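Peer 1: quick one, fold the following:
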Amino acid sequence: MVERQLAARGIRDARVLDAMRKVPREAFVAPGSEEFAYEDGPLPIGHGQTISQPYIVALMIEAVEVRPGERVLEVGTGSGYAAAILAEIAGAVHSIERHAPLAGTARERLAAAGYGSVEVHVGDGTLGWAEAAPYDAILVAAGGPLVPEALKAQLAPGGRLVIPVGDVAAAEGQSLLKITRTGDDRWEQERIAGVRFVPLIGAQGWAEDGSRAASSHVPARSRSLPETIAEAAEPLPAFDDPAFGRLFDRWADRRVVLLGEASHGTDDFYRARAAVTRHLIAHHGFSIVAVEADWPDAAAVDRFVRHHAAREFEEPAFTRFPTWMWRNEAVADFADWLRGHNDGVPPARRAGFYGLDIYNMRGSIAAVLAYLDAHDPEAARIARERYGCLTPWQSDPATYGRAVLSRGYEDCEAEVIAQLRDLLEKRLDYETRDGQSFLDAAQNARLVRSAERYYRIMYYGGAESWNLRDSHMFETLEHLLEARGPEAKAVVWAHNSHIGDARATEMGAVRGEHNIGQLCRERFGDEAALVGMGTHTGTVAAATNWDGEMEVKRVRPSREDSYERLCHEAGQPRFLLDLAADGPLRTRLAEERLQRFIGVIYRPETELQSHYAQASLSRQYDGWLWIDETRAVTPLAPEHRHPGTPETWPFGV
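Peer 2: Below you'll find the predicted structure:
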């Protein structure tokens, strides 16, 4: 819980993390709920009340900045769990609960767990507990219409109050606020996050019937989140307008700029990345374009763009499923531009096009399916279903369970791995035969080492295969930077699920997975810039099942509870958000919401389960590029070829 739900999602206060390691949460939940105690969600405790999810408890206690020896008031004792956490840190803890039965049960639980020093009172929490005031910190575990004046008055100078404020049923919802007393009659207010709490009932809160008891106070209207986004949004010009690329000058001094995409089949994302990359290469000395593609396929394009001769055994690039992901008009247009740019550049300084991915993953999957089709059709059916969920956002635990239990998988794993290894070694022998490039040969040797292990673990799926794949992509990027010299700078093209910091998503917080974006931040720090992309609706090129036919599908309008819907409601068709700048927008977009991820598979009928995940936008990315309505990529026609080059290289067939 502490590692995946708290630390991985940004809780940094060592005292809070240590306290939450010590307090047994199962001792504070209702009987029968013990097995769910460490799940990342609230649990009912009776009387319409809940024990908050662990992350919210940690977030509030970290925000209120409790220090050893301080006097703390908690409003809303509930089960007593948060009071126990506070008792591990503070000097004296008072907690007030309006439900006498809950207060009694909380006293018993606290005493049994060794926290009998916490004083639990029964009363109106909106009025605080004046007998023990002033307090260095006050924590309120219910949402009021306003900040109660009585609680503000009971703060010591420099004291902090954290409280949810707002109507959970209203469009703007509740906000978690931090109030700091800076003088006798002066307070500073800061918004921390959007939250959802039970109502704060009392004389300075809500009445039992849901009306506002503190009716003499009329809160000022706060700006909605879509309005805040619209205010910060920088409109995007056309892709071929030089002003488009100049918007990204703010990250031009970085060693690595990672450009994401919300789907593998959207033309606008490819063209946006191409426009940014052209500008960074032409004006800021970037010399590496590293993409989420197999090394040998990208190497064929690299030989084309850097004016190297094709190899005698060269195959057309990107002819395996899903061909449209890289074999499309936007990528071919960018390759043409890069070749033209390099024509006037000394060979040692020409920009290259490189693949980061584990060698021939898609070709290897095809080999697995062919073998299973011949030897175990049921296992082949499961494999197709599972490979359709290769990204961590499209998980179906039941599918993995069936695969592990299938006798066919147990019987044929060794044969499939041997088949893949033979296939790999034969192709890599071809790739290294002419010795054209030490980097190429060395990278292919690394692929032999990584690929066999990857094939073994991807056979059953899970976090280990994802982590190995992204670690390999990151290590390949490091080798490229090293080979091109200390001044080399790289642009990375990959899916949002690879370039957005995994620690700010459920893939990192819940499943323990990392990605190339996280690894770049850990390795390069502020020298890495992560830019995600999103859309509300439009069309996308995708398949329904792994190795299925490409279809142009309609993208459903984004869900109302998603980041995409917030951007849509901002009312601007195309814009860029600078999420690295501190301010209200960064804070509000750190709140966890649903975010949509579409890979080469798109299943609109199960979109929530298949393509949405909880994430924090401003913790994932430094920038966010938004195009409200997008269109599908256009696959290359069979007759496509570059003028003056053999028709089979690099994209022709």
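Peer 1: low-confidence ranges, the stretch 301-450 of the chain, go.
Peer 2: Where the stretch 301-450 of the chain drops to pLDDT under 70, the residues are 312-314, 359-372, 375-376, 379-380, 382-450.
Peer 1: again, only using 50
Peer 2: Judged by pLDDT under 50, the stretch 301-450 of the chain has its weakly predicted residues at 389-413, 416, 430-431, 434-436, 448.
Peer 1: can you check the chain too?
Peer 2: Looking at the chain by pLDDT under 50, you get 215-221, 389-413, 416, 430-431, 434-436, 448, 641-642, 644-648.
Peer 1: how does it divide into domains?
Peer 2: Domain assignment of the chain by automatic domain parsing yields the ranges 2-215, 231-630.
Peer 1: my read: residue 70 touches residue 139, true?
Peer 2: No - using Cβ atoms under 8 Å, residue 70 is not in contact with residue 139, being 11.7 Å away. Using the backbone N, CA and C atoms, a C-beta is placed for each residue, glycine as well.
Peer 1: these two: which is more packed in?
Peer 2: Neighbour count, other Cβ atoms under 10 Å: between residue 70 and residue 139, residue 139 has more, with 26 against 20.
Peer 1: what sits against that one?
Peer 2: If you count contacts by Cβ atoms under 8 Å, 6 or more residues apart in numbering, residue 139 has them with 60, 61, 64, 72, 73, 74, 75, 82, 86, 161, 162, 163.
Peer 1: switch to 6 Å and redo it
Peer 2: Shown in contact with residue 139 (Cβ atoms under 6 Å, 6 or more residues apart in numbering): 60, 64, 74, 162.
Peer 1: among these, who's most crowded?
Peer 2: Neighbour max across those (other Cβ under 10 Å) = residue 74, 31 neighbours.
Peer 1: alpha carbons only: can I get whichever helix or strand that one is part of in PDB?
Peer 2: Assigned by DSSP states H and E, residue 74 falls within strand 71-75. What follows is strand 71-75 as a C-alpha-only set of coordinates in PDB (Å, rounded to 0.1, in the frame of the first residue of the first chain):
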ATOM      1  CA  ARG A  71      -1.400  19.700  19.000                       C
ATOM      2  CA  VAL A  72      -3.800  18.400  16.400                       C
ATOM      3  CA  LEU A  73      -7.600  18.400  16.000                       C
ATOM      4  CA  GLU A  74      -9.400  16.000  13.700                       C
ATOM      5  CA  VAL A  75     -13.000  16.600  12.800                       C
END
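Peer 1: about what we covered before: which of the domains of the chain sits closest to residue 224?
Peer 2: Residue 224 sits nearest to domain 2-215 of all these, at 5.6 Å, using Cβ to Cβ.
Peer 1: hang on, the earlier thing: what angle separates the next helix-or-strand element following the strand holding residue 74 from strand 71-75?
Peer 2: Downstream of strand 71-75, the next assigned helix or strand under DSSP H and E is helix 81-89. Inter-element angle recorded for helix 81-89 and strand 71-75: 170 degrees (by axes from the mean of the first three to the mean of the last three Cα atoms, to 10 degrees).
Peer 1: all strands for the stretch 551-653 of the chain, in order.
Peer 2: Secondary structure of the stretch 551-653 of the chain (DSSP state E, counting those that start in this stretch): strands located at 551-555, 574-578, 593-596, 612-615, 623-627, 629-630.
Peer 1: now for the third one, which elements pack on it?
Peer 2: In this structure, strand 593-596 packs against helix 563-569, strand 612-615, with contacts taken as 3 or more Cβ pairs under 6 Å, 6 or more residues apart in numbering; DSSP states H and E.
Peer 1: mind putting these in JSON lines, mean neighbour count included?
Peer 2: Below are these laid out as JSON lines (neighbours: other Cβ atoms under 10 Å):
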{"stretch": "helix 563-569", "mean neighbour count": "22"}
{"stretch": "strand 612-615", "mean neighbour count": "21"}
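Peer 1: could you tell me the end-to-end distance of stretch 228-243?
Peer 2: 24 Å (Cα to Cα, to the nearest Å).
Peer 1: chain center to that stretch: distance?
Peer 2: With Cα atoms, centre = their mean, to the nearest Å as the basis, stretch 228-243 stands 23 Å off its chain's centre.
Peer 1: run through who's touching it.
Peer 2: 244, 271, 275, 570, 571, 572, 574, 575, 576, 577, 585.
Peer 1: related to what we said a few turns ago, could you export the strands of the stretch 551-653 of the chain as a markdown table, including distance to residue 651?
Peer 2: Putting these into a markdown table (distance: least, Cβ to Cβ, whole Å) gives the following:
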| stretch | distance to residue 651 |
| --- | --- |
| strand 551-555 | 20 |
| strand 574-578 | 28 |
| strand 593-596 | 30 |
| strand 612-615 | 33 |
| strand 623-627 | 25 |
| strand 629-630 | 23 |
